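Trainee: coords below, sequence missing:
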DNA sequence: ACGGTTTATGCAACTAGTTGCACAAGGTGA
DNA sequence: TCACCTTGTGCAACTAGTTGCATAAACCGT
């Protein structure tokens, strides 16, 4: 149940409208907590009725009904509570690893191309993170907030590094396999 | 939509009853695709009505109604199709990274203890994987199935290695932070 | 001034996964 | 032998997230 807290965090960083939030979830926040605009609008509604956020009065009252939300004290308190509360790590679910395991019994046909595609996607993501690191975290700055945000970015970088390396190893292994068809033909 | 395929894979490796499957999902398969017994029973029912698996006739007809399932040709075909089909990687969702980002605005109070706990959990998991590697994948063996399964295990090992290292770095960073309370008091 | 695109907000239905409980059979100890 | 525990199976309700559509205003070219 993290979506409301992701939204509270985003709104504390900067009050935003639903659409702005959606955009921010496509970038920075979405790197470790993705959400669609429908989820966001629904959750904004809930958070508002729960009294954790409120819509800022618009400057132009009627023109395009964009609403900017800000976090209320109760919302900040709830976020602090949630952040400090102990949480168990959820078990992973990775379809790609599952497919590899399935390939061990039904054959590897077709899988290699997709591994290659995933490798490309992860390489692109890694490059993007590294750009952000160079742009936003030049050596020297070390406020507490920067430190924490940099730490989160490092997790992203290291994870993508893991995936690119693992996928390269997998592809190298595939190349040595006796044959791309089926290990146990039906 | 991977649960049915996880079950098909497991049943191809060895025909099992619902409870046996549940146990296997707690160990090897569950390392990258977890499922509860309720999910498994429900899915077994679906797979049977869809004609992808069937219950093996029991030796003792009435005694305790345990049912062993095996995969039918249609099931194997479906699994092969799914394994070969291209799939986009799903966006991650990681509450721990989210909490770190939240901590950048509401303060790090309470988080450190949970980071330590997570570190311990990941260390334990890593040790477990390494044991399995030593036990099941001694140097030398290299059938196709072994190679693929070893690859999957390596992913688990490398991921846990990443987490332990990252968490250690995070804790080291926390130790240097000006103060554990709040970076921006409300 | 009209038709098409973009921006912004939102509902409803669906899918996947989780939680909580129910029930029956068989074994175990007092 | 009866209360209790464990094993095995399963339903129902709930929560979280996704997909597909609906609506309306603003902007933009012709």
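Mentor: Perfect, I can see it now. Note that this is a predicted model, so its numbers are computed, not measured. Residues are numbered from 1 along each chain as shown, chains lettered A, B, ... in the order given.

Trainee: partners of the worst-scoring helix or strand of chain A on mean pLDDT, with directions?
Mentor: Least confident helix or strand of chain A, by mean pLDDT, DSSP states H and E, is strand A:53-56 with a mean of 87. Next to strand A:53-56 in the sheet, as set by DSSP bridges, lie strand A:68-71 (antiparallel).

Trainee: tell me the domain boundaries of chain A?
Mentor: A:3-84, A:95-176 (automatic domain parsing).

Trainee: make JSON lines from those domains and add distance to DNA strand D and mean neighbour count to it.
Mentor: From N, CA and C alone the C-beta is placed, and that goes for glycine too. Shown next, in JSON lines, are these (distance: least, C-beta to the nearest atom of the strand, whole Å; neighbours: other C-beta atoms under 10 Å in any protein chain shown):
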{"stretch": "domain A:3-84", "distance to DNA strand D": "4", "mean neighbour count": "17"}
{"stretch": "domain A:95-176", "distance to DNA strand D": "13", "mean neighbour count": "17"}
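
Trainee: tell me, which of those is the model least confident about?
Mentor: Mean pLDDT is lowest for domain A:3-84 among the domains of chain A, at a mean of 86.

Trainee: first-to-last residue distance for that domain?
Mentor: Using C-alpha to C-alpha, to the nearest Å, the end-to-end distance of domain A:3-84 comes to 16 Å.

Trainee: likewise for stretch A:133-147?
Mentor: 12 Å.

Trainee: that one close to chain B?
Mentor: Yes - counting by C-beta under 8 Å from any C-beta of the partner chain, chain B is contacted by stretch A:133-147 at A:144, A:145, A:147.

Trainee: which helix is the longest one in chain A?
Mentor: Using DSSP state H, we find that the single longest helix of chain A is helix A:144-176.

Trainee: by contact count, what packs against that helix?
Mentor: helix A:111-136, helix B:95-106, helix B:144-176 (3 or more C-beta pairs under 8 Å, 6 or more residues apart in numbering or on different chains; DSSP states H and E).

Trainee: do that again at 10 Å, thanks
Mentor: When contacts are defined as 3 or more C-beta pairs under 10 Å, 6 or more residues apart in numbering or on different chains; DSSP states H and E, helix A:144-176 sits against helix A:95-106, helix A:111-136, helix B:95-106, helix B:144-176.

Trainee: what's the angle between that helix and helix B:111-136?
Mentor: 10 degrees (axes from the mean of the first three to the mean of the last three C-alpha atoms, to 10 degrees).

Trainee: how about the closest residue to residue A:174 other than its chain neighbours, what does it touch?
Mentor: Nearest residue to residue A:174 in three dimensions, chain neighbours excluded: residue A:112, at 5.2 Å (C-beta to C-beta, 6 or more residues apart in numbering or on different chains). By C-beta atoms under 10 Å, 6 or more residues apart in numbering or on different chains, residue A:112 lies in contact with A:103, A:170, A:171, A:174, A:175, A:177, A:180, B:84.

Trainee: isn't residue A:127 right next to residue A:161, touching?
Mentor: No - Residue A:127 is beyond contact range of residue A:161, at 11.2 Å (criterion: C-beta atoms under 10 Å).

Trainee: contact partners of whichever helix or strand residue A:47 is part of?
Mentor: Residue A:47 belongs to helix A:37-49 when assigned by DSSP states H and E. Helix A:37-49 is contacted from outside by A:3-4, A:6-8, A:10-11, A:16-26, A:35-36, A:52-55, A:67, A:69, A:71-72, A:74-75, A:78, using C-beta under 10 Å, 6+ apart.

Trainee: how about CSV for the residues of stretch A:133-147 next to chain B, with distance to residue A:44 added?
Mentor: Formatted as CSV, these follow (distance: C-beta to C-beta, whole Å):
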residue, distance to residue A:44
A:144, 28
A:145, 24
A:147, 30
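
Trainee: in a markdown table: the helices and strands packed on helix A:144-176, plus distance to residue B:138.
Mentor: Shown next, in a markdown table, are these (distance: least, C-beta to C-beta, whole Å):
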| stretch | distance to residue B:138 |
| --- | --- |
| helix A:95-106 | 18 |
| helix A:111-136 | 26 |
| helix B:95-106 | 35 |
| helix B:144-176 | 10 |
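
Trainee: to residue B:31, which of those helices lies closest?
Mentor: helix B:144-176 (5.6 Å; C-beta to C-beta).

Trainee: near DNA strand C, which residues of chain A are found?
Mentor: Neighbours of DNA strand C within chain A, by C-beta under 7 Å from any atom of the strand: A:17-20, A:37-38, A:41-42, A:44-45, A:64-67, A:90-91, A:93.

Trainee: give me that answer again for 10 Å
Mentor: A:1, A:16-23, A:36-42, A:44-45, A:48, A:55, A:58, A:64-69, A:88, A:90-91, A:93, A:95 (C-beta under 10 Å from any atom of the strand).

Trainee: still on that earlier bit, tell me which of the domains of chain A lies nearest to residue B:119.
Mentor: The nearest among the domains of chain A, by C-beta to C-beta, is domain A:95-176 at 13.5 Å.

Trainee: let's see the distance spanning the closest one from one end to the other.
Mentor: 23 Å.

Trainee: then stretch A:100-116?
Mentor: 13 Å.

Trainee: what about it, distance to the chain center?
Mentor: Relative to the chain's own centre, stretch A:100-116 is displaced by 26 Å; criterion: C-alpha atoms, centre = their mean, to the nearest Å.

Trainee: closest residue of chain A to DNA strand D?
Mentor: Closest residue of chain A to DNA strand D, C-beta to the nearest atom of the strand: residue A:1 (3.2 Å).

Trainee: can you pull the contacts of that residue?
Mentor: Here residue A:1 is in contact with A:82, A:87, B:95 (C-beta under 10 Å, 6+ apart).

Trainee: for residue A:82, see how far away it is.
Mentor: 9 Å (C-beta to C-beta, to the nearest Å).

Trainee: what's the overlap in contacts for the two?
Mentor: Listed as contacting both residue A:1 and residue A:82 by C-beta under 10 Å, 6+ apart are residue B:95.

Trainee: perfect, I'm done here.
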